[in-house]
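Participant: this is the structure alone, sequence omitted:
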DNA sequence: CAGTTTTCCGGCAACGTTAACGTAAACGTT
DNA sequence: AACGTTTACGTTAACGTTGCCGGAAAACTG
């Protein structure tokens, strides 16, 4: 139980006017003269008045809180998206409340079901990797809570979504590998069923098709999104008795990093013997040796736009759902360069 | 303006009892019979009742929101601390609200001053790098808002604080460098005046002193905490006409990474010629080549304990301030190994 | 100058919940 | 049988704010 704060009643009493007038004056609305408004503002500043969001929220049926549901924040992409969201939210006087699912669908459902409806004005969501069902989000929307998806979107739900151009990004990545002369290109990707995974895979297929390379299901591995997953995938691809690929397209940089590390352990010369390209442009991709070729993702921009869209949904009921796709850029680095000579350390 | 939610009034009306009884039944308190409690619970489930936090917050003078003020979240340490905080908060039914200062003292002051007091039950804070004054935090505390500092603490403020053992960690790092035979050890550190910076510097001094190495102010550089700062510091240390150091103790891994990259650009063999040790045990320190020796920080644990302490302050007024120091561990890797041979890529 | 409009302000109810208090019925006690 | 106790509920007043309505005073109209 906190100390009592200054309220508009205190201001009203101090100036011997009514609370209604104070309220209007503070919100700069109709029906209040210049002088009284000035007096109220001065007194509010003097008493260090802070509005009580619980009270305003109660009467206006709104808090100024936006929820963010995200698998984790300990990687470059997610933390940058959140930074973008936070920036827009702060500029517009909204708080962001963070919920972490740890990529567990059960945790996600629990969190969403427990979202006390009234304590949130809107929701930004990135679905967990192994989600098989998104009806809990649909329920929120039916309840009248605006929801905007980013990155890992729930394709079956009709609402605004913001993502990078997974299809064309993947296409560019694989096209780049092909243009470097790699022929047998593996794809280590995320869980099946995820829209993001599907789209990057389609780009991969399309590039192979365009350049007349045969599609080989053996070199496509579905697993999680972590560095460890990347390492394990490569160990599998390069296991004994396998027909080894000469290039790897990883669904993201973390898996690409894992791939490079695993290849180095296998004494494979990355770039020269086996090309690797990732997706994200995580700063770490410039630090690893050899540096990792990748496709940049506008993470900050995605967060920013997602939040802006959510605010539009909040401010205007029945704001039509928009689907925004931001394009990235291919960034060739050493991991797809055959000319250089990298020594295994 | 959201759709109206089910309230306890609806439940009361449906069962033809009073709202007070419903309220008591839902909170499992005194003065309600087993049968009516059961009826209320069933009806609440049937109607999908969700409590309105604005209303409870208003009457109890509390929300279930904890604020986190932090310079940024796009690095391993901070995002991991937040993950720890989030976990504890979620388990205890608290939300966390994120505020980012971007290491700008002005932004920090603005954010703290605008924290609508009534919308927060407590505050976790990590002060910005160039803060010269922490009176805005003191004001919050005087206002009755519990505040707990973590990592970068404001030493002059009397409240609970959680941090790693900067002094002994730094001592261990420098002692390790000395034991590896490095003699002229530079220290690239954070801004002056920060408690964390001071403590790590004291550990550095102490190790030099213990092993009879002379202290040379020329090889101590104060700057920011980023990788770029680390690179710039090394360029300065290894500039023309300088008496070059043969080892670098970086205040954190990001600067250590920057140092390694800069040294590689200068064609200096890291480890063999110049040893580098960082602080944090960021995963990236195992990915860079050569891998970076470091002192681990229990980031998740720090977040967890900070949040637990804050909850204690919230639940019990005048809970005595505690100062928790967690010890890390020296992790020697290639960047301080003279035997190995690293080729510059 | 009477009548009409505008300006400015106060009173009151409401938002959903809880705490304090009141009370009727049932139960125990001697 | 008369009294206190306990149990289980209802009534009411807050919490801080805003929206609606009404009304007095001031300003404008012809």
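Facilitator: That came through, no problem. Keep in mind that this is a model prediction, so the values were computed, not measured.
Participant: quick check: pLDDT value at residue A:342.
Facilitator: pLDDT for residue A:342: 49.
Participant: could you list the contact residues of chain A toward DNA strand D?
Facilitator: Contact residues, chain A versus DNA strand D (Cβ under 7 Å from any atom of the strand): A:4-5, A:7-9, A:19-20, A:23, A:26-27, A:29, A:31, A:49, A:51-52, A:54-56, A:58-60. C-beta here means a position set from N, CA and C on the backbone, and glycine is covered the same way.
Participant: intersect these with the contacts of DNA strand C.
Facilitator: Among the residues of chain A next to DNA strand D, DNA strand C is touched by A:19-20, A:31, A:55, A:58-59 when using Cβ under 7 Å from any atom of the strand.
Participant: among the residues you listed, name the buried ones.
Facilitator: The neighbour count (16 or more other Cβ atoms under 10 Å in any protein chain shown) marks A:55, A:58 as buried among those.
Participant: can you select the buried ones from the residues of chain A next to DNA strand D in ChimeraX?
Facilitator: In ChimeraX, selecting the buried portion of those, with burial taken from 16+ other Cβ under 10 Å, looks like this:
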select /A:5,7,8,23,26,49,51,52,54,55,56,58
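Participant: hmm, back to that, now pLDDT, secondary structure and distance to residue B:180 too, for the ones next to DNA strand C among the residues of chain A next to DNA strand D, in CSV please.
Facilitator: Shown next, in CSV, are those (pLDDT from 0 to 100; DSSP: H, G, I helix; E, B strand; the rest coil; distance: Cβ to Cβ, whole Å):
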residue, pLDDT, secondary structure, distance to residue B:180
A:19, 93, helix, 71
A:20, 92, helix, 74
A:31, 82, coil, 77
A:55, 91, helix, 63
A:58, 90, helix, 64
A:59, 90, helix, 67
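Participant: hey, where'd the helices end up in the stretch 1-150 of chain A?
Facilitator: For the stretch 1-150 of chain A, applying DSSP state H, counting those that start in this stretch gives helices covering A:8-15, A:19-26, A:34-47, A:53-60, A:76-91, A:105-114, A:135-142.
Participant: now for the residue lying closest to residue A:278 once chain neighbours are set aside: which residues touch it?
Facilitator: Spatially, and ignoring its direct neighbours in sequence, residue A:278 is nearest to residue A:256 (2.9 Å; Cβ to Cβ, 6 or more residues apart in numbering or on different chains). Residues near residue A:256 by Cβ atoms under 8 Å, 6 or more residues apart in numbering or on different chains: A:230, A:248, A:250, A:276-279, A:285, A:292, A:294, A:335.
Participant: which element follows the host helix or strand of residue A:256 toward the C-terminus?
Facilitator: According to DSSP states H and E, residue A:256 maps onto helix A:253-265. The helix or strand immediately downstream of helix A:253-265 is strand A:275-277, counting by DSSP H and E.
Participant: do that following strand and chain B meet?
Facilitator: No. Residues of strand A:275-277 are not located near chain B by Cβ under 8 Å from any Cβ of the partner chain, the shortest gap being 13.7 Å.
Participant: which one of the contacts of residue A:256 is nearest to DNA strand D?
Facilitator: Closest to DNA strand D out of these is residue A:279 (46.3 Å), distances taken as Cβ to the nearest atom of the strand.
Participant: ok, that closest one - how many residues close by?
Facilitator: Residue A:279: 30 surrounding residues under other Cβ atoms under 10 Å in any protein chain shown.
Participant: ok, residue A:330 next?
Facilitator: With other Cβ under 10 Å as criterion, residue A:330 counts 18.
Participant: okay, and residue A:300 sits in which element?
Facilitator: Using DSSP H and E, residue A:300 sits within helix A:299-315.
Participant: what count of nearby residues applies to the residue lying closest to residue A:87 once chain neighbours are set aside?
Facilitator: Closest residue to residue A:87 apart from its sequence neighbours, by Cβ to Cβ, 6+ apart: residue A:304 at 6.6 Å. Counted with other Cβ under 10 Å, residues neighbouring residue A:304 total 20.
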